[in-house]
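Participant: Let me see the structure of the following:
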Amino acid sequence: MKNALYALLGVMAGFVLAGVLVFVSRAPAGQSIILQPAPTAAPIAVHVIGAVPRPGLYEFPEGARVQDAIDAAGGMLAEANVEALNVAALLEDGQQLDIPFNDGSEPAADDTSTFDLPSSATETPTDDSGNNSEETNSDVELVNINTASLEELDTLPGIGPTTAQKIIDYREENGPFATLEDIMNVSGIGPATFEEIQNLITT
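Facilitator: Here you go, the predicted structure:
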């Protein structure tokens with residue numbers, strides 16, 4: 001009787017061991033879990049203007065403060081109103097950060113001090129006589145190419161003594177110049193020279 005009981009226990013233990021082996025060896029059901037890396041936060045964009053040397057658009061990591069934006073824009077100008085700012089405040093994406101000026105030190109709307117131009121750029125161009133170029137030549141004494149002497153012709157730009165003598169010789173041989181353009185018939189006077197003197201001569 002005892003032997004039969006031992007045999008029965010042995011059979012049951014064999015079934016249990018076989019079941020454990022089957023469970024362990026069976027492939028797990030479903031798909032394996034893949035861990036994804038944590039997403040990286042996109043930077044925030046802030047437009048810094050006002051009392052800073054380099055105003056513009058800057059990007060910062062999330063959690064950046066007003067002081068970070070000021071540093072990126074080159075710090076604050078001497079005219080900045082420091083007490084009006086909370087430099088510990090958090091920046092927000094799309095924010096326009098205006099660094100205020102002290103009262104009375106705000107630049108004028110048309111202030112071009114940042115882009116100083118040479119004085120000559122703001123002056124009215126003048127001709128060689130010091131008169132405004134916009135003035136007409138009505139006050140200039142024109143040289144009559146039909147009656148002028150060699151010395152008078154020599155005062156014209158691009159006309160030296162040799163060319164002046166050619167002008168005199170031409171009009172003595174061919175008569176007076178009918179038009180200003182006729183002076184280009186003189187050897188040595190081309191379109192470029194005529195362009196220089198056409199407002200200084202008359203017939």
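Participant: So which residues of this structure form helices?
Facilitator: Per DSSP state H, the chain carries helices over the ranges 2-25, 66-72, 119-122, 150-154, 161-174, 191-197.
Participant: Any idea how far the fourth one is from the middle of the chain?
Facilitator: To tie it back to what came earlier, the one meant is helix 150-154. Here helix 150-154 shows a centroid-to-chain-centroid distance of 52 Å under the convention Cα atoms, centre = their mean, to the nearest Å.
Participant: which other residues reach that helix?
Facilitator: 143, 145, 159, 160, 161, 163, 164, 165, 167, 168 (Cβ atoms under 8 Å, 6 or more residues apart in numbering). (Glycine included, C-beta is placed from N, CA and C.)
Participant: so what's the fifth one closest to, chain neighbours aside?
Facilitator: In space, and not counting its chain neighbours, residue 161 is closest to residue 154: 5.5 Å by Cβ to Cβ, 6 or more residues apart in numbering.
Participant: now swap in the last one and tell me
Facilitator: Distances taken as Cβ to Cβ, 6+ apart put residue 150 closest to residue 168, at 6.2 Å, once the chain neighbours are dropped.
Participant: Note down every partner strand of the biggest strand by length in the chain and its orientation.
Facilitator: If you go by DSSP state E, the chain has its longest strand at strand 44-50. Sheet pairing of strand 44-50 (DSSP bridges) gives strand 56-60 (antiparallel), strand 95-99 (parallel).
Participant: Enumerate the positions of the last one that are buried.
Facilitator: In this case it means strand 95-99. 95, 97, 99 (16 or more other Cβ atoms under 10 Å).
Participant: got the contact list for the closest residue to the last one other than its chain neighbours?
Facilitator: Take residue 99 and drop its neighbours on the chain: the residue closest to it by Cβ to Cβ, 6+ apart is residue 50, 3.6 Å away. Shown in contact with residue 50 (Cβ under 8 Å, 6+ apart): 80, 97, 98, 99, 100, 101.
Participant: Just put those residues in a markdown table and tack on pLDDT.
Facilitator: Formatted as a markdown table, those follow (pLDDT from 0 to 100):
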| residue | pLDDT |
| --- | --- |
| 80 | 90 |
| 97 | 93 |
| 98 | 93 |
| 99 | 93 |
| 100 | 92 |
| 101 | 90 |
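Participant: of all the helices of the chain, which has the lowest average per-residue confidence?
Facilitator: Among the helices of the chain, helix 119-122 has the lowest mean pLDDT, at a mean of 42.
Participant: returning to that earlier point: looking at the strands paired with strand 44-50, spot the one closest to residue 85.
Facilitator: For these, proximity to residue 85 was assessed by Cβ to Cβ; strand 95-99 is nearest, at 6.9 Å.
Participant: Which residues does the closest one contact?
Facilitator: 44, 46-52, 66, 69-70, 73, 76-77, 80, 85, 91.
Participant: for stretch 180-197, same thing?
Facilitator: Residues outside stretch 180-197 that contact it (Cβ under 8 Å, 6+ apart): 145, 156-159, 162-163, 166-167, 170, 174, 177, 198, 201-203.
Participant: Any idea how far apart the tips of it sit?
Facilitator: End-to-end distance for stretch 180-197, by Cα to Cα, to the nearest Å: 10 Å.
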